[in-house]
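[1] Turn this into a structure:
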Amino acid sequence: MHLTEHKIDLCFDGDKIIITPHLPLDSFIKAKKDASHKLLLIEFFNGDISCTKICADYTEQNLAVENYTDHLVKTAFGKNEVPTWQDFENFLEERCIPRSRSGLREYLETIGVEEYDPLEIIKKTQGRMAEDDQWIRLEEI
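    A predicted model of the protein is given here:
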């Protein structure tokens, strides 16, 4: 008997669990573009080094991730190789000013964002934080 290792992606849509074959980033992008899904390509950098690429499918709320470094603290999801949509949302929020920060309203007004929305904040700030050299580049595809 010949056993082959296959990777799968699991998605829970609130009613059912959906199991799909895991696709490499380029194949994921092509399949989702062919299906006319709303996609966002996120590249996570440490300085000028690309550490992680993420393609987020906003239509089905799933993603594909490719890491380019073995340094887990420099990747978007650490040792998590199959992040969920919730992990993705948490990652975006971690690259923003905390929701509970004093002066949040003034900060949002200063950068031109009407409400606390991590993606909109990152569009303005590139997800830059004072305590590290990591940042994010976004591209709608």
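
[2] Skipping its backbone neighbours, what lies nearest the spatially most central residue of the chain in space?
    Central residue of the chain (CA atoms, centre = their mean): Phe88, 4.5 Å from the mean position. The spatially closest residue to Phe88, leaving aside those adjacent along the chain, is Leu63, at 5.6 Å (CB to CB, 6 or more residues apart in numbering). The C-beta positions use only the backbone N, C-alpha and C, and glycine is treated the same way.

[3] per-residue pLDDT, that neighbour?
    pLDDT for Leu63: 94.

[4] Equivalent analysis for the one 5 residues further on, please.
    Predicted confidence (pLDDT) at Tyr68: the value is 96.

[5] any idea how far it is from Ser50?
    Tyr68 sits at a distance of 6 Å from Ser50 (criterion: CB to CB, to the nearest Å).

[6] related to what we said a few turns ago, go ahead and list the helix or strand containing the residue nearest to Phe88.
    Per DSSP states H and E: Leu63 is located in strand 62-67.

[7] Right, I'll call it a day here.
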